[in-house]
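Colleague: heads up, no residue letters with this:
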């Protein structure tokens, strides 16, 4: 049990320390082994060559920028869809909350390979049906390898469960109806209520949803690979057969990048909250 000091403060017990130590070992030991694998080989000893070579390898910058762009578009689109929908359901139709929850959590129970197969089949059928119409050019542009919007739509579906849980947790901590009614009674328009009243109170939830979406998009492989695109995760697997150290170095860098973005999002959220 936790120990209590003479001043009444609760001190963590030894089991807390043990849990944190086990968690640290679980995450840090594989990471340390990966870093050691990238910087050491029996011929040269310690060397940072895999990291320096990685930065100038063909496809590294393009695939990383593509994944970051897809992540940004996914975050904007899923928040633009989910936040108004969840607020509307909470205010106007509370009875639909279970239905919305079931719909948003369905991607968790659908096997990824089945989802990819169905998505690819839908694109093929849509391509055949739209070929005689002017919309065929739009569908072709959405499937461009430069920036495939079809991946953004697929990623929006994949991140729905995580975004829903993050936003739902944030909405549960505030009285949405009272805030909206008070703002409306004071003459605030709906855009003002959304951007000046509700969103500032949901910064932590929005930051959590954005980070979860970013992590999923940067690490997603199955969908992009089977549809024939090459974002960062697919590029890492592509080079892993011939350049093992470099592929592991790319994975380490992607993990560090996700941590850096997480700390940045958290820092910005705390700074705005303090203001």
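Modeller: Cool, the structure landed. Owing to the predicted nature of the structure, the values given are computational and were not obtained by experimental measurement.

Colleague: how about the contacts made by residue 126?
Modeller: Residue 126 is in contact with residue 139, counting by C-beta atoms under 8 Å, 6 or more residues apart in numbering. For every residue, glycine as well, the C-beta is placed using N, CA and C.

Colleague: okay, buried residues for the helix or strand hosting it please.
Modeller: Counting by DSSP states H and E, the element that carries residue 126 is helix 112-130. Neighbour-count burial for helix 112-130 flags 115, 116, 119, 120, 123, 126 (criterion: 16 or more other C-beta atoms under 10 Å).

Colleague: ok, residue 119 to residue 110 distance?
Modeller: Counting by C-beta to C-beta, to the nearest Å, the gap from residue 119 to residue 110 is 11 Å.

Colleague: report pLDDT for residue 67.
Modeller: At residue 67, the model reports a pLDDT of 91.

Colleague: ignore the last one, residue 2
Modeller: pLDDT for residue 2: 48.

Colleague: distance check, residue 254 against residue 64.
Modeller: Counting by C-beta to C-beta, the gap from residue 254 to residue 64 is 8 Å.

Colleague: which residues are in contact with both of these two?
Modeller: Overlap of the contact sets of residue 254 and residue 64 (by C-beta under 8 Å, 6+ apart) consists of residue 232.

Colleague: per-residue pLDDT, residue 268?
Modeller: Here, the pLDDT recorded for residue 268 equals 64.

Colleague: cool, residue 73 as well?
Modeller: If you check residue 73, the pLDDT there is 95.

Colleague: for it, which non-adjacent residue is closest in space?
Modeller: Nearest non-adjacent residue to residue 73, counting by C-beta to C-beta, 6 or more residues apart in numbering: residue 152, 4.7 Å away.

Colleague: what sits against that neighbour?
Modeller: Residues near residue 152 by C-beta under 8 Å, 6+ apart: 70, 73, 74, 77.

Colleague: a markdown table for these, including secondary structure and neighbour count?
Modeller: Listed next are the contacts of residue 152 as a markdown table, based on DSSP: H, G, I helix; E, B strand; the rest coil; neighbours: other C-beta atoms under 10 Å:
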| residue | secondary structure | neighbour count |
| --- | --- | --- |
| 70 | helix | 25 |
| 73 | helix | 18 |
| 74 | helix | 26 |
| 77 | helix | 17 |
